[in-house]
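K.L.:
output the structure for:
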Amino acid sequence: MAMQRCCPETTVYDRDLGAEAAVFKALADPARAAIVATLARAEHEVCVCDFTAGLELNQSTISHHLKLLKGAGLVTSERRGTWGYYSLAPSARARLEAALACVIPEKLRA
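P.N.:
Numbers count the residues shown, from 1 in each chain. As a prediction, the model looks like this:
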């Protein structure tokens, strides 16, 4: 017996959104969003120690967040001695815009 519908049937969007979900997941934590926002506004690379002090999280937690952001292609890093310095990846804005445009096409944004 067929289930009675409340409205006309809609086709569910079935494209693989794994890459887009990975970008959104990377930002789905307040600390990671703050890291990206900080890097987007920074004139220079930011030392990991600044995030540790500013976010009041321990170094291993900050490193974990940075690793996830780096894996999503949103940040880049450079090691100088014992310190890591981070920057927003040159393609970060484009990656975020592309992920959003894939999920919510331009004609739907207003």
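
K.L.:
sec struct for Glu78, please.
P.N.:
strand (DSSP: H, G, I helix; E, B strand; the rest coil).

K.L.:
could you do Gly73 as well?
P.N.:
Under three-state DSSP, the three-state class of Gly73 is coil.

K.L.:
and it, how many neighbours?
P.N.:
Other residues lying near Gly73 total 16 when counted by other Cβ atoms under 10 Å. Quick note: C-beta positions are derived from backbone N, CA and C, even for glycine.

K.L.:
just to check, it is in contact with Pro90?
P.N.:
No. Contact criterion Cβ atoms under 8 Å: Gly73 and Pro90 do not qualify, at 10.0 Å.

K.L.:
mutual contacts of the two, please.
P.N.:
Common contacts of Gly73 and Pro90, defined by Cβ atoms under 8 Å, 6 or more residues apart in numbering, are absent altogether.

K.L.:
so Ser77 makes contact with Lys70?
P.N.:
Yes. Counting by Cβ under 8 Å, Lys70 is a contact partner of Ser77 at 6.2 Å.

K.L.:
low pLDDT regions in this protein?
P.N.:
1-2, 108-110 (pLDDT under 70).

K.L.:
what about the helices in it?
P.N.:
Taking DSSP state H as the test, the helices found in the chain are 18-26, 30-41, 48-55, 59-71, 92-103.

K.L.:
what's the closest of these to Arg5?
P.N.:
Closest to Arg5 of these, according to Cβ to Cβ: helix 92-103, at 25.4 Å.

K.L.:
what helices and strands are in contact with the closest one?
P.N.:
helix 18-26, helix 30-41 (3 or more Cβ pairs under 8 Å, 6 or more residues apart in numbering; DSSP states H and E).
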